[in-house]
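# Task: produce atomic coordinates for the following.
(chains A, B, C, D, E and F)
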Number of protein chains: 4
Amino acid sequence: MHWAVDPQAGEPIYRQLMGQIKRGIATGALAAGAKLPSVRDLAKLLVINPNTIVKIYTELEREGLLLTRRGLGTFVAGASTRLSRAERERLVSQRLDGAIVEAVNLGLTAADLHRLLAARCARFDCEREKNVG
Amino acid sequence: MHWAVDPQAGEPIYRQLMGQIKRGIATGALAAGAKLPSVRDLAKLLVINPNTIVKIYTELEREGLLLTRRGLGTFVAGASTRLSRAERERLVSQRLDGAIVEAVNLGLTAADLHRLLAARCARFDCEREKNVG
Amino acid sequence: MHWAVDPQAGEPIYRQLMGQIKRGIATGALAAGAKLPSVRDLAKLLVINPNTIVKIYTELEREGLLLTRRGLGTFVAGASTRLSRAERERLVSQRLDGAIVEAVNLGLTAADLHRLLAARCARFDCEREKNVG
Amino acid sequence: MHWAVDPQAGEPIYRQLMGQIKRGIATGALAAGAKLPSVRDLAKLLVINPNTIVKIYTELEREGLLLTRRGLGTFVAGASTRLSRAERERLVSQRLDGAIVEAVNLGLTAADLHRLLAARCARFDCEREKNVG
DNA sequence: GTGGTCTAGACCACA
DNA sequence: GTGGTCTAGACCACC
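You can find the predicted model right below:
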């Protein structure tokens, strides 16, 4: 896993890093059960404050993506600790709504959206295979 | 023009709305010379603070996209720069990528995503008709 | 609403205060839509660090009990923003499990538990009526 | 004696287990002179660090509740102080109160609570039989 | 005025 | 060693 944040970017550091971890888990770069760097190590590596890492790990644990065991460290959670089906679909739908509004405002149709979605899904599978293979 | 902001979204209200106006101009939904809603009308419609609208109009006027004529209202300035098709698809694809990462993390498949997308598009059309009709 | 925390207690300050707010909402002392004290005001009142209040409000917003609107303040959320039925039952069941384990270890039976539960529910309704009435 | 700890609970593991032993002694489930599991057996059973067990046994010995005899194991010391019925019901009621507050906040009724309690009690009995049988 | 983010550094509890 | 909590104080963005 390659760690990097840009403190100068408009997006807050903690949000950049959360996205990075989420993508890592989604693509398989961070497998279930894998141990994440300790709070202090990651803070030192990225030259940011440890509390910022604490915030990120805490937030991702609340979302069910990470598990933390005191004195041991923080780990990638398995799929077992996840939310209900309806809850998960609601979260994804929220994201899709953002894409739909964007598309409508830019003059794209529902058909365009489905085409783009298929294209991005395909590309996403490619990244995943690299990590698995 | 379809106006919508989400006060709960991470993106600040004023930025959501500025983006919407810029995109409206980019796609032609807001033609050169078109009149924008008055500050108080738009504030009432979106249930947000009128000062927020004032800030947006002022900022866009500073950027040269809008023109304010005392006592008449705010209008789209001439010579709007339309985005290319590829550019617009790139913006929408970014949003879709966010939805895909979320979906993979939550154990949903590409098929699930297409199903949810279709459902949300349908619902979005319904809401739109209510506003138009 | 009466605010009080004990920095000397074993339970962390933020957890004490979270419980207090939850009980306030549950009993009706904090009605839906009510505005909570600002981060700075509450911190000054309780003589604790503002960041501790921020942590509490953030956590309760994640749980869907509070809503925060930037520049306006933090408010008690309505019942509409709540979780799915299954999700809510899961959260409550976790608490009940704790009570069951405690009961078994102390030699109480399932019948005892139901009797105690009925008694505590009754007492809880009384508190609620005081706030409503 | 039914042994169980939850590494994800807010309460630290060592405190959960210490409470369990104290309650076992209080109710008589662990009679005076009874032998406790060996450090490594209990650690393996609960999938926790053996050092944690050592810490608990040492602390309880310091409190005079346990006695360690080299090469033989750890035993319950004499003259255990049993809690009164009222005292035990009070401890369980505290746990139930937590469940009630959570339930009210999540919009569940007293009837829901009783239903969930019955369901969890039933499930708990099943697990118990598996361990006994 | 409001909350959001981040830093620096302390002390504690846990495994 | 690990994470958890809290303080003090900074600067920013938002309404």
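
# Where in chain A is the helix or strand with the lowest mean pLDDT?
Lowest by mean pLDDT, DSSP states H and E among the helices and strands of chain A is helix A:85-105, with a mean of 85.

# That helix vs helix B:85-105, what angle?
180 degrees (axes from the mean of the first three to the mean of the last three CA atoms, to 10 degrees).

# Is chain B within reach of the helix or strand that helix A:85-105 is followed by?
Going down the chain from helix A:85-105, the next helix or strand is helix A:110-132, by DSSP states H and E. Yes: using CB under 8 Å from any CB of the partner chain, we find that helix A:110-132 touches chain B at A:110, A:112-114, A:116-121, A:124. Placement of C-beta: from N, CA and C, glycine included.

# most surrounded residue in the residues you listed?
residue A:113 (26 neighbours; other CB atoms under 10 Å in any protein chain shown).

# Would you point out which residue is most central in chain A?
The residue lying closest to the centre of chain A (CA atoms, centre = their mean) is residue A:22, at 1.7 Å.

# what residue ranges in chain A score low on pLDDT?
A:80-83, A:132-133 (pLDDT under 70).

# which one in it is furthest away from the centre?
In chain A, by CA atoms, centre = their mean, residue A:107 is the one farthest from centre (29.0 Å).

# check contacts around that one.
Neighbour list for residue A:107: B:27-29, B:88 [criterion: CB atoms under 8 Å, 6 or more residues apart in numbering or on different chains].

# Out of these, which sit inside helices?
B:27, B:88 (DSSP state H).

# Now, of the contacts of residue A:107, which are buried?
Among the contacts of residue A:107, those classed as buried by 16 or more other CB atoms under 10 Å in any protein chain shown are B:27, B:29, B:88.

# Tell me the one of the residues you listed nearest chain D?
Nearest to chain D out of the buried ones among the contacts of residue A:107 is residue B:29 (CB to the nearest CB; 41.3 Å).

# re earlier: tell me the buried residues in the least confident helix or strand of chain A?
Here helix A:85-105 shows A:88-89, A:91-105 as buried, counting by 16+ other CB under 10 Å.

# Ok, stretch A:9-16 next?
Neighbour count says stretch A:9-16 has A:13-14, A:16 buried, by 16+ other CB under 10 Å.

# Look up how far chain B lies from residue A:1.
16 Å (CB to the nearest CB, to the nearest Å).

# Any part of stretch A:14-33 near DNA strand F?
No: counting by CB under 7 Å from any atom of the strand, DNA strand F has no neighbours in stretch A:14-33; the shortest distance is 13.0 Å.

# send the alpha carbons of that stretch over as PDB?
C-alpha atoms of stretch A:14-33 as PDB (Å, rounded to 0.1, in the frame of the first residue of the first chain):
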ATOM      1  CA  TYR A  14      -8.500  13.200   6.800                       C
ATOM      2  CA  ARG A  15     -11.000  12.900   3.900                       C
ATOM      3  CA  GLN A  16      -8.200  12.200   1.400                       C
ATOM      4  CA  LEU A  17      -6.900   9.400   3.500                       C
ATOM      5  CA  MET A  18     -10.300   7.900   4.300                       C
ATOM      6  CA  GLY A  19     -10.900   7.700   0.500                       C
ATOM      7  CA  GLN A  20      -7.500   6.100   0.000                       C
ATOM      8  CA  ILE A  21      -8.200   3.400   2.600                       C
ATOM      9  CA  LYS A  22     -11.700   2.800   1.200                       C
ATOM     10  CA  ARG A  23     -10.300   2.400  -2.300                       C
ATOM     11  CA  GLY A  24      -7.600   0.100  -0.900                       C
ATOM     12  CA  ILE A  25     -10.100  -2.100   0.700                       C
ATOM     13  CA  ALA A  26     -12.400  -2.100  -2.300                       C
ATOM     14  CA  THR A  27      -9.600  -3.000  -4.800                       C
ATOM     15  CA  GLY A  28      -8.200  -5.600  -2.500                       C
ATOM     16  CA  ALA A  29      -4.900  -3.800  -1.800                       C
ATOM     17  CA  LEU A  30      -6.000  -4.000   1.800                       C
ATOM     18  CA  ALA A  31      -7.300  -7.500   2.400                       C
ATOM     19  CA  ALA A  32      -9.700  -8.400   5.200                       C
ATOM     20  CA  GLY A  33      -7.800  -9.000   8.400                       C
END
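
# So what touches it?
A:1, A:3-6, A:9, A:36, A:46, A:52-53, A:55-56, A:59-60, A:65-66, A:75-79, A:124, A:127-128, A:131-132, B:10, B:101-102, B:104-105.

# May I have the phi/psi pair for residue A:35?
phi -90, psi 130 (degrees, to the nearest 10).

# Which residue, other than its chain neighbours, is closest to the residue of chain A found nearest chain D?
Distance from chain D to each residue of chain A (CB to the nearest CB) is smallest for residue A:69, at 5.6 Å. Nearest non-adjacent residue to residue A:69, counting by CB to CB, 6 or more residues apart in numbering or on different chains: residue D:7, 5.6 Å away.

# Which helix or strand contains that neighbour?
Using DSSP H and E, residue D:7 falls within no helix or strand.

# Could you give the number of residues near it?
Applying other CB under 10 Å, I find that residue D:7 has 15 neighbouring residues.

# correct me, but it touches residue D:13?
Yes: look at residue D:7 against residue D:13 with CB atoms under 8 Å: they come within range, at 6.1 Å.

# Spell out which residues of chain A are next to chain C.
So chain A meets chain C at A:62, A:83-84, A:86-87, A:90 (CB under 8 Å from any CB).

# Quick check: the farthest pair among those residues?
Based on CB to CB, the longest span within these runs between A:62 and A:86 and measures 18.6 Å.

# ok, now which ones touch the closest residue to DNA strand E within chain A?
For chain A and DNA strand E, the shortest gap (CB to the nearest atom of the strand) falls at residue A:71, measuring 2.3 Å. Counting by CB under 8 Å, 6+ apart, residue A:71 touches residue D:49.

# which SS class is it?
coil (DSSP: H, G, I helix; E, B strand; the rest coil).

# and what of residue A:3?
coil.

# and it, how many neighbours?
Residues near residue A:3, counting by other CB under 10 Å, number 12.

# Which among the contacts of stretch A:14-33 count as buried?
Buried among these by 16+ other CB under 10 Å: A:5, A:36, A:46, A:52-53, A:55-56, A:59-60, A:65-66, A:75-77, A:124, B:101-102, B:104-105.

# returning to that earlier point: any figure for the gap between the residue of chain A closest to chain D and residue D:52?
Per CB to CB, to the nearest Å, residue A:69 is found 11 Å from residue D:52.

# cool, and residue A:112?
58 Å.

# Quickly list what's touching both of residue D:7 and residue D:13.
What both residue D:7 and residue D:13 touch, as defined by CB under 8 Å, 6+ apart, is the set residue D:48.

# Do I have it right that residue A:99 meets residue B:97?
No: using CB under 8 Å, residue A:99 is not in contact with residue B:97; the gap is 9.1 Å.

# For DNA strand F, tell me whether the strand or helix carrying residue A:67 is touching it.
Using DSSP H and E, residue A:67 maps to strand A:66-69. Yes: judged by CB under 7 Å from any atom of the strand, strand A:66-69 comes into contact with DNA strand F through residue A:68.

# next one: that strand to chain centre, how far?
16 Å (CA atoms, centre = their mean, to the nearest Å).

# Could you do stretch A:59-66 as well?
10 Å.

# rewinding a little: how much space between the residue of chain A closest to chain D and residue A:22?
Distance from residue A:69 to residue A:22, by CB to CB: 21 Å.

# got it, and residue A:12?
15 Å.

# and if you look at residue A:97?
Taken as CB to CB, the span from residue A:97 to residue A:22 is 19 Å.
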